[in-house]
Structure formats: structure tokens, C-alpha cells
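Colleague: Model the structure of this input:
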Amino acid sequence: MGEIQFLPRQKIQLRRFTGVLNSTPLEVLIGVKTMASQEVLMGMKTTASQEMAHQQQQVKKDIDELIPSYLQGYRDHFEKGKSEHFPPFRTYDHAIELQPDFTPQNCKLYPLSPVEQIEQDKFLEENLQKGYIQKSKSPMASPFFFVAKKEKGALRPTQNY
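Modeller: Numbering: from 1, shown residues only. The predicted structure is shown next:
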């Protein structure tokens with residue numbers, strides 16, 4: 001937190017703030033309800049690109065704006081609720097049957113940390129519930145590991161086929 005000194009040597013603490021300052025009331029920035037007895041002067045400078053970036057962040061596009069016109073007929077495929085499961089099984093669905101004389105190959109696996117193991121279990125449970133994956137009968141598996149995301153502590157599951 002930063003500090004600003006006022007003339008009568010009063011110190012107040014400012015909470016961390018991200019945004020365009022000239023569009024935010026000082027009462028919100030400083031957290032003081034009544035400021036009538038004091039005059040607050042803040043020097044600040046923003047560039048046109050900073051203000052444009054701030055305005056762009058505020059605009060939330062509707063799903064119809066995001067989907068190209070030639071795909072509007074498939075709008076329900078882009079909605080989050082609809083994408084929670086795969087379509088029902090059909091007659092042309094298939095399974096890969098292994099040869100009777102097949103022997104699984106021994107290969108190196110990626111060791112997972114306890115945190116990664118918990119994330120893997122969550123990933124598998126969530127995707128089993130959605131129907132994106134199903135329990136396998138295969139004696140082989142694809143190696144599974146994680147790549148760190150930009151968000152602190154977030155992990156992205158990755159399979160090495």
C-alpha cells in the first residue's frame with residue numbers, strides 16, 4: 001500500500017487500484033466518506049492507449065457477436081451448458097480391439113507431485129461426469145502431466161499421445 005501525505009501531516013493509506021483514475025471518485029480511491037474539510041490533489045497522467053485498453057476491458061461481447069454469421073445456426077453448440085456432454089452413443093460408434101497376442105510395452109511415466117495427483121483426480125472425475133471420457137479397458141495408458149498456466153498456481157492437464 002502507498003501513502004500520501006496531506007498538509008496537516010495526516011497520513012492515509014491507499015488500497016491498491018487498477019483502472020483509469022480520472023473516472024473513479026476520490027472517495028472510492030481513498031476510502032474516506034467525507035472529504036469536505038480537505039482538498040485532495042493527485043497528479044496523474046494516462047496515455048490514450050491506457051484509456052482505450054481500460055474501455056476495451058469493460059466491453060463484454062454478447063455470444064451472437066462472437067459467433068460468425070455462417071455458424072449462427074449452430075449457436076447452441078457454443079453455449080457452455082450445452083457443451084457439458086457429448087451426444088448420445090450411436091450405431092456407428094466403435095471401440096479399438098487389441099490383438100489377442102498383444103503385450104503392453106513398458107514405458108516411462110511422468111511422476112506427479114501430490115498437488116498434480118489431486119488435480120489429475122479432479123480432472124478425471126469432472127470429465128467422467130461430463131461424459132467427455134469413459135473408463136478404459138485398455139492395459140495401456142497415455143502419459144499425463146501438467147503445464148503451469150499464467151495464473152499463479154493453476155495447472156493445465158496435458159496428455160502425451
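Colleague: what residues does stretch 102-111 touch?
Modeller: 139, 140, 143, 144, 145, 160 (C-beta atoms under 8 Å, 6 or more residues apart in numbering). C-betas here are computed from N, CA, C, even on glycine.
Colleague: buried set for the helix ranked longest in the chain?
Modeller: Secondary structure assigned by DSSP state H gives helix 114-130 as the longest helix of the chain. Buried positions in helix 114-130, judged by neighbour count with 16 or more other C-beta atoms under 10 Å: 116, 119, 120, 123.
Colleague: Quick one: list the elements packing against that helix.
Modeller: With contacts taken as 3 or more C-beta pairs under 8 Å, 6 or more residues apart in numbering; DSSP states H and E, helix 114-130 sits against strand 144-148, strand 155-159.
Colleague: quick one: which of the ones you listed is nearest residue 135?
Modeller: strand 144-148 (14.9 Å; C-beta to C-beta).
Colleague: Now do the closest one, average pLDDT.
Modeller: Confidence for strand 144-148, expressed as mean pLDDT, is 86.
Colleague: Direction-wise, compare it with helix 114-130 and give the angle.
Modeller: Angle of strand 144-148 versus helix 114-130, following axes from the mean of the first three to the mean of the last three C-alpha atoms, to 10 degrees, is 110 degrees.
Colleague: Given strand 144-148, what are its sheet partners and their directions?
Modeller: strand 155-159 (antiparallel) (DSSP bridges).
Colleague: what comes up buried for the partner strand?
Modeller: Buried residues in strand 155-159 (16+ other C-beta under 10 Å): residue 155.
Colleague: now stretch 67-79
Modeller: By neighbour count with 16+ other C-beta under 10 Å, stretch 67-79 contains no buried residues.
Colleague: ends of that stretch, how far apart?
Modeller: Taking C-alpha to C-alpha, to the nearest Å as the measure, stretch 67-79 stretches 11 Å from start to finish.
Colleague: same question, stretch 64-79
Modeller: 11 Å.
Colleague: Return the mean pLDDT over it, rounded to an integer.
Modeller: On average, stretch 64-79 scores 85.
Colleague: quick one: the strands in the chain?
Modeller: With DSSP state E as the criterion, the chain has strands at 2-5, 11-14, 144-148, 155-159.
Colleague: Which among the helices and strands packed on helix 114-130 is found nearest to residue 63?
Modeller: Evaluated over the helices and strands packed on helix 114-130, closeness to residue 63 peaks at strand 155-159, with 24.4 Å, by C-beta to C-beta.
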